[in-house]
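K.L.:
Give the three-dimensional model of this entry:
(one chain, ligands or ions: 1)
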Amino acid sequence: MNIDKVKEKLVYACRILALEGQGDHIWGHVTVRVPGRPELLFMKPATIGLEEIGPDDVITVNLDGEKVEGRLPRHIEVFIHTEVMRARPDVTAVVHTHPPHAVAFGALGRPLLPVGHDGAIFCDGLPVFSETTDLITDGARGEAVARTLGRHDGMLMRNHGIVTAADNIEEAVMKALFLERACKTQLLCEPCGGPRHVTPPDEAKVKQQRLLHESQVGAAFRYFVRRIGPLAREP
Ligand SMILES: [Zn+2]
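P.N.:
Below is the predicted model of the structure:
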């Protein structure tokens, strides 16, 4: 895929997250590896909202978290992305947001259950990063995040947010949407005494495979792209 297409996809990824309630003013970010240069990442820059980004705003950072191209500054939490990418050559895209239901659910300290289809996505386990609730502003903390994520593709950061990762940007975004909604759905059960019935483990696995099938993830991403419409380019 050419560079412009990848940047465009990163822009849509950011806007989809915003559309689905994962914007946090100017915070929250997405990265994707530069095609043919896996040691470089395209990233949403700091100082603008997820819904504001355009293709010309995309910056490039290296695995040490240094900006190597772009006019806007990088996010100070760049190390979440760089250290996950360094630890996981299989990962092409990383999402980090502060979605309210995931943050609220994470504060309960309860395991995520497969209440609905979304919860089934995380039936292999959902790590919780609890070393700090502060921002991840250096490589050492980024390494700790990557260590907690391990081989999983989704994680709660207690009193902070979420991280999702995948070998393509569509899946990283959809996992972020699934995770926030899974937390929201389980939270809906809490005032009624918690869920009494959840998806059986064998069915959860089947649903996980169905929902994460490349065709489903791609179709869902394209659905959101249609909702957002064409991107305006700077003159
Ligand atoms: Zn954060």
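K.L.:
The ion contacts on this protein?
P.N.:
77, 161 (Cβ under 5 Å from the ion). Heads up, the C-betas are built off the backbone N, CA and C, glycines and all.
K.L.:
Which residue would you name as the spatial centre of the chain?
P.N.:
residue 95 (2.6 Å; Cα atoms, centre = their mean).
K.L.:
Could you give the bridge partners of that residue?
P.N.:
residue 30, residue 164 (DSSP bridges).
K.L.:
what separates it from residue 141, distance-wise?
P.N.:
The gap separating residue 95 from residue 141 is 18 Å, by Cβ to Cβ, to the nearest Å.
K.L.:
So which residues of the protein form strands?
P.N.:
29-34, 37-43, 59-62, 67-69, 93-97, 128-129, 154-157, 161-166 (DSSP state E).
K.L.:
quick one: buried residues of the second one?
P.N.:
Going by neighbour count (16 or more other Cβ atoms under 10 Å), the buried part of strand 37-43 is 40-43.
K.L.:
contacting residues for the residue nearest to the centre of the chain?
P.N.:
13, 17, 29-30, 162-165, 172-173, 175-176 (Cβ atoms under 8 Å, 6 or more residues apart in numbering).
K.L.:
if we take those residues, which one ends up nearest to residue 192?
P.N.:
Among these, residue 162 lies closest to residue 192 (Cβ to Cβ), at 24.7 Å.
K.L.:
what number of residues lie near that closest one?
P.N.:
25 (other Cβ atoms under 10 Å).
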